[in-house]
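>>> Structural data only, the sequence is not supplied:
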């Protein structure tokens, strides 16, 4: 009883961790100007690191506010920085290919800024515009009536008549619908269909103007049932139960919709005038005859057509032959391609795409620096292509995976490719020990018979003495995972199965749930491994990643020496209170992210070494190792360290108890909670 009490006490401590937090919860406030990295041409400040962490999605930020998390992000910053500096020294930023890729990627940002300044910000909507639109589009602001009906559909007139008779006899529509309704939507909603308007559409029946008109012409009634009505091979019954009459929305009620519509119309018209102006300014000519003949999804087979000019202009970047247009089109993303392939007329690729380039012509003429709305995003895009190219030149181009690398990786990671074996058994339970012994004896005798008679003899023996006959006691594919079909987790039961030889019968034993059992191992399938040829492509990818990581780190280290990098990660300070860290650890355990929980406890131990919080974090760390991760070696080490470091700690008795349980056997925690 004392042991049970101690373990339940431990559980209470876990579930009430917040009660253990000390009052030392003040969040540190590190100076953002603290230098954490310096090098020949600059430095990285704590504020730079914080800014990078702030860009991480909120759900993941806390992980990187620990010291170890900050170090991880800092190493990423250094990696990016040294590679970028090397790229600039090599002139990669001036490489025409990289410049073109960057221009294409940043174009949308510049165009969006230009469009905002020269279209959107110049559009204004007056009350006169709003009133004019409202009066000219009254139908758009008419709220159609909404009708609710009870409805059912049948495939035959006879079923419709039977359903109608039951309804007239007082049966509930929902019950009759369940019996006769062949319309799934109506049947799932107990015959009710809501929101029927005067637009030819009925939910569950799609576009059906015939029935829609009938419903809208029918009066609301508590008794009138319409039908059976035959239409398109089906028979319909319905009752109109409710109707909200249509009405004309007033100007004020429609104000928000009017504003949007009017703004869009004016914006569209304003933009069209601007495009016309720019088309004239840059002498843009589109050969619509050729443009209309082209299919963007298929490259033309007529090679003479390739050199035909489709678009010409005084703006150099807006001169396209058929060939160059297809090249440009193929550089677009999949989503943008799909949009253009469906578009026609003014929205076609041959009209819309030049329009975007016209905006860009204006941006270049007036200076790109005047159209930078998102400077961080712009720098990010520019750095991306430069970094990708320098990484390619210094790392990925030098990584070659040979067959010997693949073979070594396969051998070193063989367990990843294991196909677990399993066992099949014949198992029956018995009412008592006496019948169990007789059944076991008969089973052993049956297993000695020849192959033709053995199976029938075993079934006969168990049928005679066993109290169950589920599939003649046969259970197929039991894996070595401590779980037995019908019994759940039972480690002793599982161990017995995997210690018993082929065709051997176990002694009578009692399962965890109290059943008296006996079993024969019918089939053993050993572990196998997926052949290397089958997983070669996956291995090659993994091996390449490993080699790239190794080479990347070597190049990074060399560049850090070349540029004189000095890292002061000892100046990093925790950005979380002890309360936040305990809460993060608790949430990690709830989400079964036990390694993360240990990281948070370690952070408390390092950053809040006050004899209270670090002591409790050390205990919780040991408990997590023992009860959640089943890592008894780490748990023993942690609990022993706690007892030695804090000989008078209030949780030491619990730690000693946990050590005793690890040494002498496991206690079922679920049962202890129930008992107490």
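That came through fine. All values derive from a computational prediction rather than experimental measurement.
>>> Any stretches of the stretch 551-676 of the chain with poor pLDDT?
When residues are selected by pLDDT under 70, those of the stretch 551-676 of the chain lie in 665-676.
>>> go with 50
667-676 (pLDDT under 50).
>>> can you give me the strands in it?
With DSSP state E, counting those that start in this stretch, the ranges of strands along the stretch 551-676 of the chain come out as 566-567.
>>> would you list every one of the helices in it?
578-590, 594-607, 613-623, 632-645, 652-664, 669-675 (DSSP state H, counting those that start in this stretch).
>>> With respect to burial, which of those scores highest?
Most buried of these by mean neighbour count (mean count of other CB atoms under 10 Å) is helix 613-623; its value is a mean of 24. For glycine as for every other residue, the C-beta is placed from the backbone atoms N, C-alpha and C.
>>> helices or strands next to that helix in the packing?
If you count contacts as 3 or more CB pairs under 8 Å, 6 or more residues apart in numbering; DSSP states H and E, helix 613-623 packs onto helix 2-15, helix 578-590, helix 594-607, helix 632-645, helix 652-664.
>>> Tabulate the ones you listed (TSV), appending distance to residue 394.
Output for those, formatted as TSV (distance: least, CB to CB, whole Å):
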stretch	distance to residue 394
helix 2-15	49
helix 578-590	37
helix 594-607	32
helix 632-645	39
helix 652-664	50
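>>> between those, which one is nearest to residue 72?
helix 594-607 (10.8 Å; CB to CB).
>>> Need the contact partners of that closest one.
Helix 594-607 has contacts (CB atoms under 8 Å, 6 or more residues apart in numbering) with 63, 66-68, 574, 576, 578, 581-582, 584-586, 588-589, 613-614, 617-618, 620-621, 624-625, 628-629.
>>> I'd assumed residue 656 was in contact with residue 643.
Yes: contact status for residue 643 versus residue 656: in contact at 7.0 Å, counting by CB atoms under 8 Å.
>>> Distance check, residue 491 against residue 497.
Going from residue 491 to residue 497 by CB to CB, to the nearest Å gives 11 Å.
>>> of the two, who's got more company?
Shown here are residue 491 and residue 497; by other CB atoms under 10 Å, residue 497 has more neighbours (21 against 12).
>>> Can you pull the phi/psi pair for the more buried one?
phi -60, psi -40 (degrees, to the nearest 10).
>>> The chain should start at 723 in everything you say after this.
With 723 as the first residue, the last one maps to residue 1219.
>>> Tell me which residues touch it, please.
Going by CB under 8 Å, 6+ apart, residue 1219 touches 1145, 1147, 1200, 1206, 1241, 1243.
>>> I'd like the distance between it and residue 1170.
Plainly put, residue 1219 is 21 Å away from residue 1170 if you go by CB to CB.
>>> Where does pLDDT dip in the stretch 723-872 of the chain?
Filtered on pLDDT under 50, the stretch 723-872 of the chain yields the residue ranges 723-728, 730, 734, 736-747.
>>> could you redo the last one with a cut-off of 80?
Residue ranges of the stretch 723-872 of the chain with pLDDT under 80: 723-752, 781, 784-785.
>>> need the strands for it, in chain order.
Under DSSP E, counting those that start in this stretch, the stretch 723-872 of the chain gives strands at 757-761, 764-767, 864-865, 868-876.
>>> what's the spacing between the second one and its chain's center?
Strand 764-767 has its C-alpha centroid displaced from the chain centroid by 36 Å (CA atoms, centre = their mean, to the nearest Å).
>>> what does stretch 1303-1314 give?
From the chain centre to the centre of stretch 1303-1314 is a distance of 20 Å (CA atoms, centre = their mean).
>>> what does stretch 851-863 give?
Chain-centre distance of stretch 851-863: 44 Å, with CA atoms, centre = their mean.
>>> what sits up against that stretch?
Contact with stretch 851-863 is made by 970-971, 973, 975-977, 979-981, 983-984, 987-988, as judged by CB under 8 Å, 6+ apart.
>>> Which of those ranks first by neighbour count?
With neighbours set by other CB under 10 Å, the maximum within the contacts of stretch 851-863 is found at residue 980, which has 23 neighbours.
>>> Now do that one against residue 816, distance only.
Residue 980 sits 52 Å away from residue 816, taking CB to CB as the criterion.
>>> With residue 956 instead?
With distances taken as CB to CB, residue 956 is found 72 Å from residue 816.
>>> higher neighbour count, the two?
The neighbour comparison of residue 956 against residue 816 (other CB under 10 Å) goes to residue 956, with 17 against 10.
>>> Which strand residues bridge that one?
Counting by DSSP bridges, residue 956 is bridged to residue 953.
>>> residue contacts, it?
For residue 956, the contact set (CB under 8 Å, 6+ apart) comprises 875-877, 904.
>>> from those residues, which two are the most distant?
The most widely separated members of those are 875 and 877, with 8.0 Å between them, by CB to CB.
>>> what about the two, which has more around it?
residue 875 (27 against 12).
>>> Looks like that one contacts residue 955 (just checking).
No: checked against CB under 8 Å, the pair residue 875 and residue 955 is beyond contact range at 10.5 Å.
>>> List the contacts of residue 941.
By CB under 8 Å, 6+ apart, the contact list for residue 941 reads residue 962.
>>> Now name the helix or strand holding it.
Assigned by DSSP states H and E, residue 941 belongs to no helix or strand.
>>> so how far is residue 960 from it?
12 Å.
>>> what's the answer for residue 1112, then?
To residue 960, residue 1112 is 71 Å away according to CB to CB.
>>> Could you check which of these two has the larger neighbour count?
Using other CB under 10 Å as the criterion, residue 1112 and residue 960 rank with residue 960 on top: 26 against 23.
>>> what's across from the more buried one in the sheet?
Beta-bridge pairing for residue 960 (DSSP bridges): residue 873, residue 948.
>>> cool, residue 1206 as well?
Under the criterion DSSP bridges, residue 1206 forms beta bridges with residue 1210.
>>> Tell me, how many residues neighbour it?
By other CB under 10 Å, 21 other residues sit near residue 1206.
>>> Tell me how far it lies from residue 1366.
42 Å.
>>> ok, and the closest non-adjacent residue to residue 1154?
Nearest residue to residue 1154, sequence neighbours excluded (CB to CB, 6 or more residues apart in numbering): residue 1238, at 6.9 Å.
>>> Let me know the pLDDT of that neighbour.
pLDDT, residue 1238: 91.
>>> My guess is it contacts residue 1149. True?
No: at 11.4 Å, residue 1238 does not count as touching residue 1149 under the criterion of CB under 8 Å.
>>> of these two, who's got more company?
Neighbour count, other CB under 10 Å: between residue 1238 and residue 1149, residue 1149 has more, with 27 against 19.
>>> helix, strand or coil for that one?
Following DSSP: H, G, I helix; E, B strand; the rest coil, the label given to residue 1149 is strand.
>>> Who is it paired with across the strands?
Under DSSP bridges, the beta-bridge partners of residue 1149 are residue 1241.
>>> wait, what's in contact with it?
By CB under 8 Å, 6+ apart, the contact set of residue 1149 is 1195, 1197, 1239-1242.
>>> Out of the residues you listed, which two are the most distant from each other?
Longest span within the contacts of residue 1149, CB to CB: 1197 and 1240, 13.2 Å.
>>> Pick out whichever of the two has more residues nearby.
Legend: neighbour count by other CB under 10 Å for residue 1197 and residue 1240, higher for residue 1240 (25 against 19).
>>> What separation is there between that one and residue 1161?
Separation of residue 1240 from residue 1161 (CB to CB): 6 Å.
>>> Also residue 873?
Plainly put, residue 873 is 61 Å away from residue 1161 if you go by CB to CB.
>>> More neighbours: the two, which one.
Neighbours per residue (other CB under 10 Å) separate residue 873 from residue 1161, with residue 873 holding more: 30 against 24.
>>> My guess is the more buried one contacts residue 959. True?
Yes: using CB under 8 Å, residue 873 is in contact with residue 959, at 7.0 Å.
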